[in-house]
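Engineer: sequence and predicted structure below; questions after.
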Amino acid sequence: MRRLLVTVATALVALVVTATPALAHNVLVSSDPAKDAVLETGPSKVTLTFDSPVQGGDVNQVSVVGPDGSQWAEGEVQISSNVVTAAVRPLGPAGRYTIGYRILSADGHPVLGDVAFTLSKAGTGTPASASAATGRGTAQPAASGGGVPVWVWILGAVVLLAIGLTLALRTGRDKA
């Protein structure tokens, strides 16, 4: 009985240890402009830095929405490992701007969020079209993003559980 408990405990520990990375979604660690920054002039680009590589493809999006709801990001979203960059048109009205993002995490899950900053002096720019920063472009291929798909972790956990149960059943029969 003791062997059975040790085997089951080992299988459960292996299951938890291997499943943990699959739950580790990317986390925004910094942005430029920084959260709640007050700027006199608008940035020419926004940069978002995450704790893990971002997978490439047409699914990553960055928007910069002005105080009047207009879009200021424009062009292709650029991805370099864990850094996501989007070009920004010269800003217009003074006020609060929000950088919204939706990226594909290294583990295959989408991550959404936003970062706000304030433009203290009005600029002379005009807004972009609503679909200006769609994410299409030079993002690196998904295979080079460094992430492992979730199904791999699930399959590994199932195999380990099956091995643990098989061992538990075989050692249980030997004593009987």
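Structural biologist: Ah, there it is.
Engineer: where does the chain have low pLDDT?
Structural biologist: Low-confidence segments of the chain (pLDDT under 70): 1-2, 4-6, 8-9, 11-24, 129-149, 173-176.
Engineer: what about the longest helix in it?
Structural biologist: Criterion DSSP state H: the longest helix present in the chain is helix 150-175.
Engineer: please name every helix or strand in contact with it.
Structural biologist: The contact analysis (3 or more CB pairs under 8 Å, 6 or more residues apart in numbering; DSSP states H and E) places helix 150-175 against helix 2-19. Placement of C-beta: from N, CA and C, glycine included.
Engineer: quick one: the residue most central in space within the chain from Gly172, how far?
Structural biologist: Nearest to the geometric centre of the chain sits Ser105, at 3.2 Å (CA atoms, centre = their mean). Taking CB to CB, to the nearest Å as the measure, Ser105 and Gly172 are separated by 41 Å.
Engineer: what do you get for Gly123?
Structural biologist: Relative to Gly172, Gly123 is positioned 74 Å away (CB to CB).
Engineer: cool, and Val65?
Structural biologist: Val65 is 62 Å from Gly172, by CB to CB.
Engineer: who's more crowded, these two?
Structural biologist: Each of Val65 and Gly172 has its neighbours counted (other CB atoms under 10 Å); Val65 has more, 19 against 13.
Engineer: quick check: the more buried one touching Gly100?
Structural biologist: Yes - taking CB atoms under 8 Å as the definition, Val65 is a contact partner of Gly100 at 6.5 Å.
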